[in-house]
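> return a 3D structure for these sequence lines:
(one chain, ligands or ions: 1)
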Amino acid sequence: MRPAHQGAPGLAHGGVLATALDETLGSLNWLLRTIAVTGRLETDFRRPVPVGSVLHLEAEVTAVAGRKIYSTATGRLGGPEGPVAVRADALFVEVKVDHFIDNGRPEEIRVAMNDPDQIRRARAFEVNP
Ligand SMILES: CCCCCCCC/C=C\CCCCCCCC(=O)SCCNC(=O)CCNC(=O)[C@H](O)C(C)(C)COP(=O)(O)OP(=O)(O)OC[C@H]1O[C@@H](n2cnc3c(N)ncnc32)[C@H](O)[C@@H]1OP(=O)(O)O
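Residues are numbered from 1 along each chain as shown. A predicted model of the protein is given here:
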């Protein structure tokens, strides 16, 4: 946790912690080779997280039902054996690439389409789902 992540003096902001949990959970969808967006994110803040501390994040998929992916994440202070500071339960919903094309701003969509890495990633889903 860096000074830029501060909310209350010397402590990480809850929204930043929720973002870290969301990002960790979201990366599970890459492993599933599924394009999905966060539908629901329920966060428990169990201990304050000091600026300057290391938050060790871990996440796992707990169930998949049709387009719905249920997952859970835990953030521990200091390392993998540290006390639990934050945790979250999430529901991600699988979407088509069109979700971003239809809803995103045209400028950023154009930039993404001109980024060879982005196209390779999107095509990988289409070719090898
Ligand atoms: C060449 C191409 C170049 C283009 C580049 C693109 C490449 C992209 C590649 C990779 C991108 C990776 C992306 C990372 C994303 C990062 C993570 C975020 O920040 S996500 C942002 C925050 N989240 C949102 O903005 C979601 C906003 N919400 C929605 O869009 C919709 O509500 C959505 C898609 C979540 C669901 O809408 P529906 O119309 O598709 O489907 P319905 O029928 O409503 O829901 C499906 C099932 O899920 C349940 N559900 C949905 N939301 C729920 C909720 N909040 N709680 C409980 N259940 C929920 C429903 O009850 C339904 O369940 P039942 O099938 O009936 O059993």
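
> give me the below-cutoff pLDDT ranges for the protein.
119, 121-129 (pLDDT under 70).

> where do the strands sit along it?
All strands of the chain, identified by DSSP state E, fall at 36-45, 55-65, 68-77, 84-94.

> partner strands of the first one, parallel or antiparallel?
Taking DSSP bridges as the criterion, strand 36-45 pairs within the sheet with strand 84-94 (antiparallel).

> buried stuff in the partner strand?
85-92, 94 (16 or more other CB atoms under 10 Å). Backbone N, C-alpha and C define where each C-beta goes, glycine included.

> are that strand and the ligand in contact anywhere?
Yes - using CB under 6 Å from any ligand atom, we find that strand 84-94 touches the ligand at 91, 93.

> quick one: that strand to strand 55-65, angle?
40 degrees (axes from the mean of the first three to the mean of the last three CA atoms, to 10 degrees).

> orientation of strand 84-94 relative to strand 68-77 in degrees?
160 degrees.

> output the strands of the chain in JSON lines; the columns should cover distance to Leu28.
Compiled in JSON lines, the strands of the chain are given as follows (distance: least, CB to CB, whole Å):
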{"stretch": "strand 36-45", "distance to Leu28": "9"}
{"stretch": "strand 55-65", "distance to Leu28": "5"}
{"stretch": "strand 68-77", "distance to Leu28": "5"}
{"stretch": "strand 84-94", "distance to Leu28": "8"}
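
> name the residues that touch stretch 41-53?
Outside stretch 41-53, the residues within contact range by CB atoms under 8 Å, 6 or more residues apart in numbering are 1-3, 5-6, 8, 10-12, 14, 17-18, 21-22, 25, 55, 75, 77-78, 83-90.

> and the end-to-end length of it?
24 Å (CA to CA, to the nearest Å).

> so is that stretch next to the ligand?
No - judged by CB under 6 Å from any ligand atom, stretch 41-53 stays clear of the ligand, getting no closer than 8.4 Å.

> next, name the residue at the spatial heart of this structure.
Note on the chain: the residue nearest the mean C-alpha position is Glu23, at 2.0 Å, using CA atoms, centre = their mean.

> what's the spacing between that one and Ala73?
Distance, Glu23 to Ala73, by CB to CB, to the nearest Å: 9 Å.
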